[in-house]
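> give me a 3D structure for the following:
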Amino acid sequence: MYFGADYHPEHWVHPYAGTPEEPESRWKRDIELMLDAGINVVRMGEFAWGICEPQEGQFDFGWLRRIMDLLAGAGIKVVLGTPTAAPPLWLTRKHPAILPLDERGLPWSDGTRLACCLNSDLYWDYSKKIVRAMAEALGQHPQLIAWQLHNNVGIHSTMPCFNEETKRDWHAWLQAKYETVDRLNALMGLRFWGQVVHDWSQVPMPMTAPAPHNPALLMDWKRFCSDTIVAFIRMQADLLHELTPDIPVTANLGVFGHQVDLFDLAGVLDFASLNSDATIQSRPAVNACEVDFLRSLKKTGSRTPTGAEGFWVIEQRAGNVNWQEVNSLLRPGVVRLFTYQVLSRGSDGILYFFWRQPRIGQEKFYGGILTHKGLGENRVYEEVCEIGEEVRRLAPALQGTKVVAEACIIFSHENDWSLSLPRQPNSNFKLRDHVQLFHSALHDRNIAVDFARPTDDLSRYKLAFAPSLSLMSGAEADALKIYVQNGGTLVGTCNSGLVDEHHIATDGGFPHDLTDLFGLEVTEFDPIPPEQENHLALKGPFQGTHLHRARMWCDLITPAGCQILATYTQDFYAGRPAITMNQFGLGKAIYLGTISDQPFYNDLVTWLRTFCALHTLLKVPDAIEVSMREKPGVRIFFLLNHQSTPVRITFYKPMHDFLTERTFSGNYDLPPHGVLVLDEEVREKPAAPPVVAAVTASEAKPVA
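Numbers count the residues shown, from 1 in each chain. The predicted structure follows:
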């Protein structure tokens with residue numbers, strides 16, 4: 001397992017460190033501190049284009065080779081970042097057409113990262129040159145184990161640009177998709193407002209206009225922008241696979257709400273890597289959701305530096321960020337807790353951002369492992385040293401293990417983009433929040449969950465949730481039917497099947513192409529403002545713990561053979577179905593015609609866990625997060641306490657803890673932010689561990 005940091009040696013030369021006589025002398029001390037912390041890998045170089053090529057065609061990779069040689073002496077491996085996310089000033093001054101134009105046609109300024117248009121042929125050419133030069137200079141270095149391509153792909157507003165070369169590529173993309181102008185006019189619905197075109201060159205880019213652009217055009221624009229990003233990353237991946245075929249490539253990715261289809265992007269990478277913004281303000285389920293999503297991008301066929309399948313977290317926050325309104329410190333133990341959360345959910349590599357807080361630049365007060373002083377005497381460094389020793393001991397046990405999920409959440413980037421367009425039925429609806437309601441319920445009941453596209457093979461899952469697939473193609477609808485037909489249980493929701501992939505509303509009833517699957521038709525839907533609500537009257541096999549609200553959206557359902565599980569209690573549709581279940585082939589299709597609060601989804605998942613015979617990991621207090629990694633004959637459980645108070649766990653059979661090499665039985669109070677990594681193989685005589693004298697956070701429940 002790789003355990004490391006994001007290192008920027010270019011920050012730590014004279015006058016910021018070192019001496020005039022030995023400007024790079026600080027590097028040796030950094031390496032000594034890394035070894036003491038158990039670090040065995042660093043990422044470098046992702047923003048160093050202007051240093052590696054200070055003038056056009058004059059390359060200087062000597063400093064990177066020198067630090068890689070020093071790291072080799074310590075046995076520390078290297079991930080090199082291709083520096084194409086930060087074009088040098090000489091390039092943008094010589095070729096200002098590289099700079100992106102915004103939606104008003106105004107150029108973004110240079111002098112910062114991401115000042116580039118990815119449709120620029122010139123930018124592609126210069127990017128190929130720097131990537132090739134870096135690979136030829138450093139690609140055979142024995143410390144190199146992976147490439148990171150570009151940086152923060154698809155998460156900044158500069159990614160869509162409106163340059164002339166973008167227009168050229170846009171029109172070519174449309175022509176390849178539609179083949180004829182008549183077909184484009186028909187499928188985009190350009191007769192609306194009379195905006196028909198007669199030549200490809202007439203199709204506008206969605207720049208600032210007096211009124212909203214046609215949503216079908218906006219959807220194609222988002223697809224085109226995503227394809228542009230994927231093509232740029234594929235170019236680099238293909239080049240590096242040619243020059244360094246044994247070195248895998250990755251990219252550091254954020255999840256949700258971004259401008260690239262991450263499933264498509266992951267397809268051109270050897271393994272995916274996450275930028276984790278876990279902070280003390282985040283709920284554990286939110287962080288877990290992002291890790292689960294990233295893990296799901298390449299379920300098979302990945303190739304990490306160890307040669308095994310899996311994913312990395314290549315930027316894990318070691319301290320506070322610098323982009324919130326208030327950037328609070330992470331409390332003691334939280335870095336360790338978040339580290340074990342990502343390890344528990346399948347990561348085989350984790351690197352902290354930053355190694356040391358920089359003294360210069362825009363991120364000088366971003367938290368790092370080391371503070372500005374760099375002495376290695378600070379709290380976070382000591383915590384990372386503790387983690388490094390634990391990971392060293394734990395790594396052999398985790399080798400070859402993975403997370404196996406019986407449930408999934410179905411997610412489509414195209415649907416996400418569609419729901420972000422203007423003129424929505426309810427502007428308060430956010431798909432990310434809707435998804436989180438389901439994931440939080442699964443997380444809090446310690447049920448492992450993957451994410452999947454609608455057209456993925458869903459047969460491995462007993463239970464699938466499909467929150468608000470508002471935009472859905474016929475092929476996606478067919479895939480969901482096949483899943484249920486063959487015995488799966490599908491939970492669909494309101495705001496589903498409103499438009500097809502061309503953003504054309506159905507004339508066959510909502511949800512389009514799925515009325516037979518759910519045994520109903522949504523004849524109307526009622527978006528509800530935040531200050532109003534309805535309520536649910538549950539009936540049949542699904543019973544809640546208390547009265548649940550119906551909020552934000554209420555579908556008016558006409559049953560067509562389905563079983564009614566709940567009705568509305570208010571308004572003119574009081575007594576009408578709100579939740580239904582339908583037998584379809586060998587499986588069940590459940591439909592939630594409204595949105596509720598978190599307790600409703602907790603009750604729903606509790607019922608479905610029994611209904612679908614989902615495997616229960618361990619019986620623990622509700623406050624404890626449990627995850628499991630497994631391989632044939634091995635099951636390793638992670639127990640995490642996200643509370644600021646101890647939580648009592650009762651062990652009714654002996655469990656071995658890898659972190660302390662102890663065997664636990666009886667009662668144990670897991671400390672605040674505490675972690676256990678357990679298996680059922682007893683390695684010593686069972687002994688009751690010491691009990692922390694504290695008020696427990698919840699009632700004791702057995703571990704079984």
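> buried set for the one helix or strand residue 583 maps to?
Assigned by DSSP states H and E, residue 583 belongs to strand 577-584. Residues of strand 577-584 classed as buried: 577, 578, 579, 580, 581, 582, 584 (neighbour count, 16 or more other Cβ atoms under 10 Å). C-betas here are computed from N, CA, C, even on glycine.
> repeat for stretch 310-317
310, 311, 312, 313, 314, 315, 316, 317.
> just those residues now: which is nearest residue 519?
Closest approach to residue 519 among these (Cβ to Cβ): residue 311, at 38.8 Å.
> run through the bridge partners of residue 313.
Beta-bridge partners for residue 313, by DSSP bridges, are residue 274, residue 350.
> and the gap between it and residue 341?
Separation of residue 313 from residue 341 (Cβ to Cβ, to the nearest Å): 10 Å.
> tell me which element the residue nearest to residue 513 when sequence neighbours are not counted falls in.
Excluding the flanking residues, the one nearest residue 513 by Cβ to Cβ, 6 or more residues apart in numbering is residue 477, at 3.7 Å. In this structure, residue 477 sits in helix 474-485 according to DSSP H and E.
> which element follows that helix toward the C-terminus?
Past helix 474-485, the next helix or strand by DSSP H and E is strand 489-493.
> next, the angle strand 577-584 makes with that next one.
Relative orientation of strand 489-493 versus strand 577-584 (axes from the mean of the first three to the mean of the last three Cα atoms, to 10 degrees): 150 degrees.
> ok, residues contacting the strand holding residue 583?
Strand 577-584 has contacts (Cβ atoms under 8 Å, 6 or more residues apart in numbering) with 481, 484-485, 516-520, 536, 538, 540, 542, 550, 554-555, 557, 559, 561-568, 588-594.
> those residues in helices, which ones?
Residues of those located in helices (DSSP state H): 481, 484, 485, 516, 517, 518.
> how many neighbours does the second one have?
Other residues within reach of residue 484 by the criterion other Cβ atoms under 10 Å amount to 25.
> dump the residue contacts of it.
Counting by Cβ under 8 Å, 6+ apart, residue 484 has contacts 490, 517, 584, 585, 586, 587, 588, 589.
> again, 10 Å this time
458, 464, 490, 492, 514, 517-518, 582-590 (Cβ atoms under 10 Å, 6 or more residues apart in numbering).
> so who does the residue nearest to residue 513 touch?
454, 469, 496, 497, 500, 511, 512, 513, 514, 516, 517.
> could you save those residues as a markdown table and add columns showing distance to residue 195 and pLDDT?
Formatted as a markdown table, those follow (distance: Cβ to Cβ, whole Å; pLDDT from 0 to 100):
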| residue | distance to residue 195 | pLDDT |
| --- | --- | --- |
| 454 | 30 | 98 |
| 469 | 28 | 98 |
| 496 | 28 | 98 |
| 497 | 26 | 98 |
| 500 | 20 | 97 |
| 511 | 28 | 98 |
| 512 | 25 | 96 |
| 513 | 28 | 96 |
| 514 | 31 | 98 |
| 516 | 35 | 98 |
| 517 | 35 | 98 |
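> and the helices in the stretch 101-250 of the chain, which stretches?
121-138, 164-178, 181-188, 215-243 (DSSP state H, counting those that start in this stretch).
> need the winner for burial among these.
Ranked by mean neighbour count, the helices of the stretch 101-250 of the chain are led by helix 215-243 with a mean of 20 (mean count of other Cβ atoms under 10 Å).
> keeping just the C-alphas, turn the helix holding residue 477 into CSV.
Output in CSV follows, covering the C-alpha atoms of helix 474-485 (Å, rounded to 0.1, in the frame of the first residue of the first chain):
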residue,chain,number,x,y,z
GLY,A,474,-35.0,4.5,-24.1
ALA,A,475,-31.9,2.3,-23.8
GLU,A,476,-31.6,3.3,-20.2
ALA,A,477,-35.2,2.5,-19.5
ASP,A,478,-34.8,-0.9,-21.1
ALA,A,479,-31.8,-1.7,-19.0
LEU,A,480,-33.7,-0.9,-15.8
LYS,A,481,-36.6,-3.2,-17.0
ILE,A,482,-34.1,-6.0,-17.6
TYR,A,483,-32.7,-5.6,-14.2
VAL,A,484,-36.1,-5.9,-12.5
GLN,A,485,-37.3,-8.6,-14.9
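> follow-up on the earlier one: who wins for proximity to residue 634 among the helices of the stretch 101-250 of the chain?
Here helix 215-243 is closest among the helices of the stretch 101-250 of the chain (Cβ to Cβ), at 33.2 Å.
> and the closest one, what other elements does it pack with?
helix 121-138, strand 144-148, helix 164-178, helix 181-188, strand 249-250, helix 262-266, helix 413-419 (3 or more Cβ pairs under 10 Å, 6 or more residues apart in numbering; DSSP states H and E).
> residue 285 is nearest to which of these?
That would be helix 413-419 among the helices and strands packed on helix 215-243, by Cβ to Cβ, at 19.1 Å.
> related to what we said a few turns ago, got a winner among the contacts of residue 477 for most neighbours?
Result: residue 514 is most packed of the contacts of residue 477 (other Cβ under 10 Å), 30 neighbours.
> so where is the protein shaky, pLDDT-wise?
156-158, 279-282, 682-704 (pLDDT under 70).
> can you lay out the buried residues of strand 577-584 as TSV showing distance to residue 269?
As requested, the buried residues of strand 577-584 are arranged in TSV below (distance: Cβ to Cβ, whole Å):
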residue	distance to residue 269
577	45
578	42
579	40
580	41
581	40
582	39
584	37
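> could the contacts of residue 477 go into a markdown table alongside distance to residue 364?
Converted to a markdown table, these look like this (distance: Cβ to Cβ, whole Å):
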| residue | distance to residue 364 |
| --- | --- |
| 454 | 44 |
| 469 | 44 |
| 496 | 47 |
| 497 | 50 |
| 500 | 50 |
| 511 | 51 |
| 512 | 53 |
| 513 | 54 |
| 514 | 53 |
| 516 | 60 |
| 517 | 55 |
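> got CSV for those, with secondary structure too?
Formatted as CSV, the contacts of residue 477 follow (DSSP: H, G, I helix; E, B strand; the rest coil):
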residue, secondary structure
454, coil
469, coil
496, coil
497, coil
500, coil
511, coil
512, coil
513, coil
514, coil
516, helix
517, helix
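> let me know the closest of those to residue 141.
Nearest member of the contacts of residue 477 to residue 141, counting by Cβ to Cβ, is residue 454, at 43.1 Å.
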